[in-house]
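> here is the input, now give the coordinates:
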Amino acid sequence: MKYLILLNCLLFSMSSYSKIVARVIHVSGSAFSFYEKKADGLKYGSKIKDLSEVMVEDGAALSVVNPNGDVFHINGGSLVKFYEGIVELKNGHIWVKSKSKKRGLFNTPNSVGEYSEGEFIYSFDNISAKTQLLVLTGEVKFSNALEPRLYTKIKSGEFSLVDQKYENGLPRPGTKVGLDSYKKMKQVFANFENLESNKFDYMVAEGSSKVQRGIASVNINPSSEKKTKNLRKKGKVIRLKTVKAGTQRSPASVSPVEYYKNMRKKESRKFQPIKSNKVAPINYYGEKFKPQKQSAAVDLSMPRKITFKNKSKQEQTQSQDQKRAPASIGSKTKLIQDLQRSGFESSLNRESKKIQRHSDEVNHLIDELKTYKQDFQKSY
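Numbering: from 1, shown residues only. Coordinates of the predicted model:
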């Protein structure tokens, strides 16, 4: 009986005991931990148990560390659930700093991130169901929660996301993040004083300092003058040959360019009248006329007299009586016929012409029979 009581006490103590997965190292504002339907306020040194959820109010800031030494900076308005070796972000933003080489897992409802050593920012919006990842240092294997093997390696200074609207939820290939985007993301974690300067900021500063150019009129390094003095050497005379060897150019006082221009100068064309004995044909349009017959020897320089043939009175009266109808209207007889016929009658006549009672071969046989019949009647 005693053994049974001791065994029950041991099982009860084991069930009531839960492993500690994280500790609070910094808190600003209000933050709470929910475990087994109990809510506890978090403060410096508070323990976070396995399977517990942590909620940070808006405007607050919370920093926790796990047994591996990974630090999690949780921003205000975030909800995070802690497991043994796994951290799940349900809403909000979190900044992760990992110094250990052990493998760690970080996931959201639709993504999984595997990291070992580095620094990255994870964010999830529970309204749009979109996960965003910004890797500052190190490397993160980023994948969809349904397809963890189809991961994408996001390297330092790259950005990626998982959204159902983009390629059916597959992670976006890593793209370089700009300085402005990084500054906007950093403003979200303005409550964390220890994040004001980090390794990524130094990397950006070193890259920009290499590109910067100093003022030309200001000598920053005085030792550079000594180096330049020592490097000074005598100058060299470079001769430019504009004329090939073996050719002579005269006069020598004229520059090569002017000499070349004079060589290539073209003579200006003078106006010269064209002289020819050919007579250009002259065409007259309008009134009917008969040009006078000219002899073979005609002086072309003298003006010629042109006589026009006047129309007779009879031709003038005929031309006045005959008036031209518009081109769009046909002849009068055709117009009257078209008006007398109805639309149905005209269409019937057109279609009846197309329809044949017999084929062409049969019609040909009929015509031959008719000729035979006529020949027979005549002979009879």
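
> any idea of the pLDDT on Lys347?
Just so we're on the same page, residue 347 is Ser rather than Lys. With respect to pLDDT, Ser347 scores 75.

> that one belongs to a helix?
Yes. The assignment for Ser347 is a helix, going by DSSP: H, G, I helix; E, B strand; the rest coil.

> pretty sure Lys102 contacts Pro67?
No. Counting by C-beta atoms under 8 Å, Pro67 is not a contact partner of Lys102; they are 9.8 Å apart. (Each C-beta comes from the backbone N, C-alpha and C, glycine too.)

> who touches the helix or strand where Asp40 lies?
Assigning secondary structure by DSSP states H and E places Asp40 in strand 38-41. Applying C-beta atoms under 8 Å, 6 or more residues apart in numbering, the contact partners of strand 38-41 are 30-33, 46.

> let's see that with 10 Å instead.
The contact list for strand 38-41 (C-beta atoms under 10 Å, 6 or more residues apart in numbering) reads 27, 30-34, 46-49, 52-53, 55.

> taking the residues you listed, please make a ChimeraX selection of just the buried ones.
To isolate the buried members of these in ChimeraX, using 16 or more other C-beta atoms under 10 Å:
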select :27,31,33,46,48,49,52,53,55
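
> which of the contacts of strand 38-41 fall in strands?
Per DSSP state E, strands hold the following members of the contacts of strand 38-41: 27, 31-34, 47-49, 52-53, 55.

> tell me where the model's unsure across the chain.
Within the chain, the set of residues satisfying pLDDT under 70 comprises 1-17, 197-275, 286-344, 352-358, 376, 378-380.

> name the strands paired with the strand of greatest length in it and say parallel or antiparallel.
Longest among the strand segments of the chain by residue count, using DSSP E, is strand 86-98. Strand 86-98 pairs in its sheet with strand 71-75 (antiparallel), strand 79-82 (antiparallel), strand 104-108 (parallel), strand 118-125 (antiparallel), by DSSP bridges.

> buried ones in that strand?
Neighbour counts over strand 86-98 (16+ other C-beta under 10 Å) mark 87-89, 91-98 as buried.

> same deal with stretch 171-190?
For stretch 171-190, a neighbour-count test (16+ other C-beta under 10 Å) marks 171-172, 174, 177, 182, 185-186, 188-189 as buried.

> what of stretch 116-128?
Buried-residue list, stretch 116-128, by 16+ other C-beta under 10 Å: 117-124.

> ok so, going back, which of the buried residues of strand 86-98 sit farthest apart?
Spatially, the most separated pair among the buried residues of strand 86-98 is Asn91 and Ser98, at 22.0 Å (C-beta to C-beta).

> quick one: neighbours of Gly169, just the number.
18 (other C-beta atoms under 10 Å).

> quick check: closest non-adjacent residue to it.
Nearest non-adjacent residue to Gly169, counting by C-beta to C-beta, 6 or more residues apart in numbering: Asn144, 4.9 Å away.

> show me what contacts the one you found?
By C-beta under 10 Å, 6+ apart, the contact list for Asn144 reads 110-112, 131, 150-152, 162, 164, 167-171.

> in the sheet, who's paired with it?
Those that pair with Asn144 in a beta bridge, by DSSP bridges, are Ser111.

> for Glu114, see how far away it is.
Distance from Asn144 to Glu114, counting by C-beta to C-beta, to the nearest Å: 13 Å.

> which one's the longest helix in this protein?
helix 360-379 (DSSP state H).

> buried ones in that one?
Within helix 360-379, no residue counts as buried by 16+ other C-beta under 10 Å.

> what segments of this structure are helices?
Using DSSP H, helices in the chain cover 2-16, 179-188, 199-211, 223-231, 256-263, 313-321, 332-340, 343-354, 360-379.

> name the nearest residue to Leu42, sequence neighbours excluded.
Closest residue in space to Leu42, ignoring its immediate chain neighbours: Ala31 at 4.4 Å, by C-beta to C-beta, 6+ apart.

> same question, Glu139
Lys155 is the one closest to Glu139 (C-beta to C-beta, 6+ apart), at 5.4 Å.

> count the neighbours of the one you found for me.
Neighbour count for Lys155, taken as other C-beta under 10 Å: 13.

> give me every residue that touches it.
By C-beta under 10 Å, 6+ apart, Lys155 lies in contact with 118, 135, 137-140, 174, 176.

> any common contacting residues for Asn144 and Glu114?
Tyr151.

> what touches both of Lys102 and Pro67?
Gly85.

> Ser111 versus Asp163, what's the distance?
Taking C-beta to C-beta, one finds Asp163 at 10 Å from Ser111.

> out of the two, which sits in the busier spot?
Neighbour count, other C-beta under 10 Å: between Asp163 and Ser111, Ser111 has more, with 27 against 19.
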